[in-house]
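Asks: Build the 3D model from these lines:
(chains A and B)
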Amino acid sequence: MNAFARIRQSLIIALWFMFLTFPVLVVRVNTIEKVVEWRWPNMVYVGIGSFLISFVWRYLLERKAQGGEKEIYPAPATGKPVMQRLMAEPRLYRPFLIALSLFGLAFPFLPFASTYQINIVTNALLYIMLGLGLNIVVGLAGLLHLGYVAFYAVGAYSYALLYYHFGIGFWAALPIGALFAAIFGIILGFPVLRLRGDYLAIVTLGFAEITRLVLENWNGFSFGPSGIAGIPRPGLFGIEMDLHQGTIYIYFLMIALCLFTIFVVNRLQNSRIGRAWVALREDEVACEAMGVDPTMAKLTAFALGSTWAGLAGVIFAAKTTFVNPASFTFLESAMILSIVVLGGMGSIVGVIIGAFILILLPEYLRAFSEYRMLLFGMIMVVMMIFRPQGIIVGIRQIYEFKKTAVKEGSRR
Amino acid sequence: MDYFLELFLGGLTRGSIYALIALGYTMVYGIIELINFAHGEIYMIGAFTALIVSSVLAFAGMSGPSVLFLAASVAIIYSAAYGFTVEKIAYKPLRQAPRLSPLISAIGMSIFLQNYVMLAQTSDFLPFPSLLPELPFLEKYGLRIGSSELIILLTTAVSMVLLMLLIKLTKMGKAMRATAQDRNMAMLVGVDVNRTISYTFIIGSVLAAIGGVLIASHIGRINFYIGFIAGIKAFTAAVLGGIGSIPGAVLGAFILGWTESFATGYVSSDYEDVFAFVLLVLILIVRPSGLLGRSTVQKV
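Replies: Purely as a prediction, here's the structure:
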């Protein structure tokens, strides 16, 4: 295609988008004062913006078409990306890791780390945990779970209600909340997981809505929209802590739990069940033919993912000392999903980076936080089209077959 | 008995709207096996466009059926344009990708469109002018059926018949049926599959826009979030009837409408949305292929 044809095509696209966005972006009616607000500059922005974006879009699509299948789903053995090679070499990543952990340890005591700053980072750590949990379900097992927040809510409400009725503390509630979430996951997963993946997406979405509606309406059980307040923060052998110290304590707790999560997920990934999940994601029929029970494998993934949501929920309740149904909307699920999608499905490092980008960026760029959800939606579409494997590709364990050793053995 | 009849008619009205949206889901699913999550947003955009057009016309001093006609036409054109564009941007590049990719892309598109409308317009509920005309001859039955309900029923019925004719008789309908049966084979016999898929999205969006204008005018207020819940419910209706089956979607929609209407009438109105989801989970457990759907055996 020559340059003239490209420009003409982009002009047509720009005109099309100017037409498309006209009623919603340009006109705004004020039904109370009965005046119409015309926002013509928006039309110009859309025109220029879509003209430029169409070039980038076309270039990326062409590059993707040229690269073909190989570039989109790189074979593990050939042409490893830079990040992957970096992570395979302990000499290179070790100093970086040490520096990172030192910074992580020192962070709450640095001069600029106010209670607010520590809270934000703790929040990001919480989302890392949620992201890694969802990564088991979406990234490893390939099940699109759109109601993750429901299990998060189960965890949070477990702690809140257990404390309210029985005075059970944080440390006892942590495993109980996780267990409740897992049980809920199994109960929901059992009927649904026999079905095709798309149904799972919509059923989990529906289930999350049911959970939220029940929490909002069943006043006798969950105290309705006003929620439950006065949940205690986690204790440390009964030591009295002020707000700042408490925040630092939760920060370290969160780091420990994140490390625990990373450890477990990493071990799971390379275990028998982890390999079954990945096989299931790639091809369900072939996987079944190899002797993996797909329903059981899916159910384990679902239950384990839910367990992590439950754990995170208990911590969320303890951190904010207050739970109400408004914290558990679909947008929350969408946010966790976009962390996984952006970071890279099946990649632990990717999810961590994704969580930091998506949680910290809107906090520090205040002007931009309004457009956060818009951005999340865009990320999901653009990542799926141009880079479905995420910013960091999950490392596939490669089992090498040492040919020479076997030969010697067989000849003897 | 009167109460029963009232609930029955209410369910019928609800069901008609669900049917209009569910058809879009089921047609798209039939043809490319994708749950078009953004479909609910197309319906919402239809309702918003109608609101904007009718308000501008009303401030300019127009009134009467011409406002309804203009608003509905513009809404239909814009919904169709959005449906077409969404398919081109978010789904077409992913035709050959693994199944999970277009699903996530669809979810992303849905979130994007919701927030686009919210940021460009408002997050509050906007009052929607009642565009549907009053039919005076209904007054003696006034307690039984309102004029807007009757108009909704009639419009839905007419749309269904037109859709049926379109699919059964026209060349485009034939191409759609062929593509739904076997995309590669349809391509081999000379069907322009890309164009057929675009037509499917456009037809689905037109129906959703009709539904959007009708329900917004009936209920009288809209916001950016209406598409989400309506979308899930319409999808439930489509699954209930057997996804991919057009008569199934209509049947499912009416069953869902009645279930909701009777359940809110006789049980509790707090849990209005819960009943639909419970019905969805139940149908998936008992009969995953839906009432009129055929269970397909996956071949390897």
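Asks: Tell me who's in contact with whichever residue of the stretch 201-350 of chain A sits closest to chain B.
Replies: Of all residues in the stretch 201-350 of chain A, residue A:206 sits closest to chain B, at 3.8 Å by C-beta to the nearest C-beta. C-beta here means a position set from N, CA and C on the backbone, and glycine is covered the same way. Taking C-beta atoms under 8 Å, 6 or more residues apart in numbering or on different chains as the contact definition, residue A:206 lies against A:147, B:232, B:236, B:276, B:277, B:280, B:281.
Asks: secondary structure element for residue B:197?
Replies: Using DSSP states H and E, the element containing residue B:197 is helix B:193-219.
Asks: name the helices or strands packed onto that helix?
Replies: Under the contact criterion of 3 or more C-beta pairs under 8 Å, 6 or more residues apart in numbering or on different chains; DSSP states H and E, helix B:193-219 touches helix B:2-32, helix B:39-59, helix B:65-86, helix B:147-169, helix B:171-181, helix B:183-188.
Asks: Deepest-packed of those helices, please.
Replies: Highest mean neighbour count among the helices and strands packed on helix B:193-219 (mean count of other C-beta atoms under 10 Å in any protein chain shown): helix B:39-59, with a mean of 26.
Asks: what mean pLDDT would you report for it?
Replies: Helix B:39-59 shows a mean pLDDT of 88.
Asks: Quick one: work out the angle between that helix and helix B:65-86.
Replies: 150 degrees (axes from the mean of the first three to the mean of the last three C-alpha atoms, to 10 degrees).
Asks: ok, the residue in chain B positioned nearest to chain A - contacts?
Replies: Ranking the residues of chain B by distance to chain A (C-beta to the nearest C-beta) places residue B:108 first, at 2.6 Å. Taking C-beta under 8 Å, 6+ apart, we find residue B:108 in contact with A:338, A:376, A:377, A:378, A:379, A:380, A:381, A:384, B:90.
Asks: what's the burial count for the fourth one?
Replies: As a burial measure, the neighbour count of residue A:378 was computed by other C-beta atoms under 10 Å in any protein chain shown and equals 18.
Asks: thought it was touching residue B:112?
Replies: Yes: with contact defined as C-beta atoms under 8 Å, residue A:378 counts as touching residue B:112 (5.6 Å).
Asks: Report whether stretch B:45-52 contacts chain A.
Replies: Yes: applying C-beta under 8 Å from any C-beta of the partner chain, one finds stretch B:45-52 touching chain A at B:45, B:48, B:49, B:51, B:52.
Asks: Where does pLDDT dip in the stretch 101-250 of chain A?
Replies: Applying pLDDT under 70 to the stretch 101-250 of chain A flags the ranges A:196-197, A:235-241.
Asks: if we go to 50?
Replies: By pLDDT under 50, the stretch 101-250 of chain A has no low-scoring segment.
Asks: Could I get the pLDDT score of residue A:90?
Replies: On the pLDDT scale, residue A:90 gets 64.
Asks: Now do stretch A:111-120: everything it contacts.
Replies: Counting by C-beta under 8 Å, 6+ apart, A:107, A:108, A:243, A:244, A:247, A:248, A:251, A:359, A:360, A:363 sit against stretch A:111-120.
Asks: List the buried residues for that stretch?
Replies: A:113, A:117, A:118, A:119 (16 or more other C-beta atoms under 10 Å in any protein chain shown).
Asks: Would you mind splitting chain A into its domains for me?
Replies: Taking automatic domain parsing as the reference, chain A has its domains at A:3-72, A:101-386.
Asks: Need the winner for burial among the ones you listed.
Replies: For those, the highest mean count by mean count of other C-beta under 10 Å goes to domain A:101-386, at a mean of 20.
Asks: Centre of the chain to it, how far?
Replies: 8 Å (C-alpha atoms, centre = their mean, to the nearest Å).
Asks: Residue numbers of the stretch 1-150 of chain A in contact with chain B?
Replies: Checking the stretch 1-150 of chain A against chain B by C-beta under 8 Å from any C-beta, the hits are A:16, A:19-21, A:23-25, A:27-29, A:31, A:34-36, A:42, A:61, A:64, A:138, A:142, A:144, A:146.
Asks: re the thing from before, so the residue of chain B closest to chain A versus residue A:333, what's the distance?
Replies: For residue B:108, the distance to residue A:333 equals 13 Å [C-beta to C-beta, to the nearest Å].
Asks: Write out the residues of the stretch 301-412 of chain A neighbouring chain B.
Replies: So far as C-beta under 8 Å from any C-beta goes, the stretch 301-412 of chain A lies against chain B at A:330-331, A:334, A:337-338, A:341, A:370-371, A:373-374, A:376-381, A:384-385, A:388.
Asks: if we go to 7 Å?
Replies: Within the stretch 301-412 of chain A, the positions adjacent to chain B are A:334, A:341, A:370-371, A:373-374, A:376-381, A:384-385, A:388 by C-beta under 7 Å from any C-beta of the partner chain.
Asks: List the contacts of whichever residue of chain A sits closest to chain B.
Replies: Relative to chain B, the nearest point of chain A is residue A:380 (2.6 Å; C-beta to the nearest C-beta). Listed by C-beta atoms under 7 Å, 6 or more residues apart in numbering or on different chains, the contact partners of residue A:380 are A:338, A:341, B:104, B:105, B:107, B:108.
Asks: Residue A:109 now?
Replies: With C-beta under 7 Å, 6+ apart, residue A:109 has no contacts at all.
Asks: Return the distance of the closest residue to residue A:381 other than its chain neighbours relative to residue A:144.
Replies: Distance criterion C-beta to C-beta, 6 or more residues apart in numbering or on different chains; nearest residue to residue A:381, sequence neighbours excluded, is residue B:108 at 4.2 Å. According to C-beta to C-beta, residue B:108 stands 12 Å off from residue A:144.
Asks: Now residue A:38: phi and psi?
Replies: phi -100, psi 120 (degrees, to the nearest 10).
Asks: I should have written residue B:115 there, sorry.
Replies: phi -80, psi -30.
Asks: pLDDT value on it, please?
Replies: Taking residue B:115 on its own, its pLDDT is 89.
Asks: Check the burial of it by counting its neighbours.
Replies: For residue B:115, using other C-beta under 10 Å, the count is 22.
Asks: I'd assumed residue A:374 was in contact with it.
Replies: Yes: under the criterion of C-beta atoms under 7 Å, residue B:115 makes contact with residue A:374 at 4.2 Å.
Asks: so when I look at residue A:28, I'm seeing a strand, right?
Replies: Yes: under DSSP: H, G, I helix; E, B strand; the rest coil, residue A:28 falls within a strand.
Asks: Might you report the residue contacts of it?
Replies: Applying C-beta under 7 Å, 6+ apart, the residues near residue A:28 are A:37, A:39, B:121.
Asks: Roughly how far does it sit from residue B:115?
Replies: According to C-beta to C-beta, residue A:28 and residue B:115 sit 16 Å apart.
Asks: same check, this time on residue A:11
Replies: 28 Å.
Asks: okay, the contacts of stretch A:111-120 in CSV with secondary structure next?
Replies: Shown next, in CSV, are the contacts of stretch A:111-120 (three-state DSSP):
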residue, secondary structure
A:107, helix
A:108, helix
A:243, helix
A:244, helix
A:247, helix
A:248, helix
A:251, helix
A:359, helix
A:360, helix
A:363, helix
